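1. Have a look at this prediction, sequence included:
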Amino acid sequence: MTRVKWLAALSVALMVILIAIDHIKNDEPFVLLRFSLDVLEKAILAIAVVTTAYVALETRDINRERLILIKDLNRVRNESDTWRIAARAHIDGLGRAIAAQFETWRLSESESEIALFMLKGLTFKEIANLRGSEETTVRQQATSVYRKSGLASRSELGAFFLEDLLPPNPVPR
């Protein structure tokens, strides 16, 4: 039985018990209107109790999921930190090689910054927001990077630096 069905059954049972107790205690004659109002009152009370129980159970489940996600996030962060530490010398060397290539291409400081952001995968809009400039300015500087480097696109820029770092694709059989 699902949680909602179980709680609905509990709500009905609770309501019936409350009505029965109330009428057993009451020595007055049966009046339909009074009985109907008692049923309504007990139904509202039962629904409030069951709704509270449902919210508590859902909150517990959400907190369990949250703890699992936090654990997974911490695991991924630790793996990322471990990789970063192991690759630090290579990353530093690549950074110096990229900076040297930018100098060879005679990129300005702004153009170099734009090119680095593009290599990191940021959009022109994101770069503009980070630099506090207009997107059209970033696009113009990107065009200047392509012109000075002799490359035609962002993907060619990325491939220029990463092509030899990645293992070759296996030949399909």
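-> Structure received. Numbering: from 1, shown residues only.
2. Need the phi and psi values for the closest residue to residue 149 other than its chain neighbours.
-> What sits nearest to residue 149 in space, not counting adjacent residues and going by CB to CB, 6 or more residues apart in numbering, is residue 105, at 4.9 Å. The C-beta positions use only the backbone N, C-alpha and C, and glycine is treated the same way. Backbone torsions of residue 105, given as degrees, to the nearest 10, read phi -80, psi -10.
3. thought residue 105 was touching residue 148?
-> Yes: using CB atoms under 8 Å, residue 105 is in contact with residue 148, at 4.7 Å.
4. what mean pLDDT would you report for the host helix or strand of residue 98?
-> Using DSSP states H and E, residue 98 sits within helix 32-104. Mean per-residue pLDDT for helix 32-104: 88.
5. tell me what it is packed against?
-> Judged by 3 or more CB pairs under 8 Å, 6 or more residues apart in numbering; DSSP states H and E, helix 32-104 is in contact with helix 3-25, helix 109-119, helix 154-162.
6. repeat that with 6 Å
-> helix 3-25 (3 or more CB pairs under 6 Å, 6 or more residues apart in numbering; DSSP states H and E).
7. Which other helices and strands does the helix it packs on contact?
-> helix 32-104.
8. what's the distance between the helix it packs on and the middle of its chain?
-> 8 Å (CA atoms, centre = their mean, to the nearest Å).
9. cool, and stretch 93-107?
-> That offset, for stretch 93-107, works out to 35 Å (CA atoms, centre = their mean).
10. contact partners of it?
-> Residues from elsewhere that reach stretch 93-107 (CB atoms under 6 Å, 6 or more residues apart in numbering): 112, 148-149, 161.
11. before we move on, what about stretch 139-156?
-> 105, 107, 110-111, 114-115, 118, 124, 157.
12. What is the burial count for residue 71?
-> 10 (other CB atoms under 10 Å).
13. Residue 141 versus residue 97, what's the distance?
-> As judged by CB to CB, to the nearest Å, residue 97 and residue 141 stand 21 Å apart.
14. Pick out whichever of those two has more residues nearby.
-> residue 141 (23 against 11).
15. Leaving out the residues flanking it, which one is nearest to the more buried one?
-> residue 114 (4.6 Å).
16. how many neighbours does that neighbour have?
-> Here the number of neighbours of residue 114 (other CB under 10 Å) works out to 27.
17. ditto for residue 105
-> Neighbours of residue 105 (other CB under 10 Å): 16.
18. Likewise for residue 2?
-> Residue crowding around residue 2 was assessed by other CB under 10 Å; the count is 7.
19. can you pull the pLDDT of it?
-> Note on residue 2: pLDDT of 79.
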